[in-house]
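> need coordinates for the below:
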Amino acid sequence: MRYTAPMIYLLGDLIEAMEAGREPLSAGRTARHALELILTTHYSSRHDNAKVHFPLEELEMSAPFDWFGEGGRTLYYAPNAGARD
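Numbering: from 1, shown residues only. Reported below is the predicted structural model:
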C-alpha cells in the first residue's frame with residue numbers, strides 16, 4: 001500500500017485540472033461552503049445552540065476561547081465549559 005500526502009494529491013489534481021480546463025476537486029467554492037459551515041457551528045454554539053440560517057449574515061469572528069490570561073500566561077479553554085446551573 002502506498003501513501004500519498006493529501007496536499008500532494010490535491011496539488012496533482014490542481015495541475016491536471018488546469019491542463020484539462022476543469023474545476024479541481026478542492027475548489028474555492030467548496031472551501032467557502034466548508035468555512036461557512038465551520039463558522040455557523042461556532043456561531044450557533046456561542047448563542048445557546050441557536051438555529052442558524054444560510055447564508056450566515058452576522059459573522060462573529062472572535063475565537064470561542066481565550067488564548068492569553070493575565071501576564072500573558074497562555075490559556076486554552078472554553079469560557080463556559082463545565083458550567084452548571
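
> any idea of the mean pLDDT in the longest helix along the chain?
Secondary structure of the chain per DSSP state H: the longest helix is helix 28-46. Summarised as a single mean, pLDDT over helix 28-46 is 83.

> what's the answer for stretch 5-14, then?
For stretch 5-14, mean pLDDT rounds to 90.

> give the buried residues for the longest helix of the chain.
Neighbour-count burial for helix 28-46, with 16 or more other Cβ atoms under 10 Å as criterion, is recorded at 40, 43. All C-beta spots, glycine's among them, are computed from the backbone N, C-alpha and C.

> which strands and helices sit next to it?
Based on contacts counted as 3 or more Cβ pairs under 8 Å, 6 or more residues apart in numbering; DSSP states H and E, there is no element that helix 28-46 packs against.

> could you measure from residue 28 over to residue 51?
Taking Cβ to Cβ, to the nearest Å as the measure, residue 28 and residue 51 are separated by 28 Å.

> same question for residue 35.
Residue 35 sits 20 Å away from residue 51, going by Cβ to Cβ.

> kindly report the same for residue 13.
Residue 13 is 36 Å from residue 51, by Cβ to Cβ.

> between the two, who's got more neighbours?
Neighbour totals were compared for residue 13 and residue 51, and residue 13 leads with 14 against 6 (other Cβ atoms under 10 Å).

> the more buried one should be in a helix, yeah?
Yes - in this structure, residue 13 lies within a helix as judged by DSSP: H, G, I helix; E, B strand; the rest coil.

> from what I can see it touches residue 25, true?
Yes - counting by Cβ atoms under 8 Å, residue 13 touches residue 25, with 5.0 Å between them.

> anything in contact with each of the two?
Residues touching both residue 13 and residue 25 by Cβ atoms under 8 Å, 6 or more residues apart in numbering: none at all.

> helix, strand, or coil at residue 22?
coil.

> show the pLDDT at it.
pLDDT, residue 22: 94.
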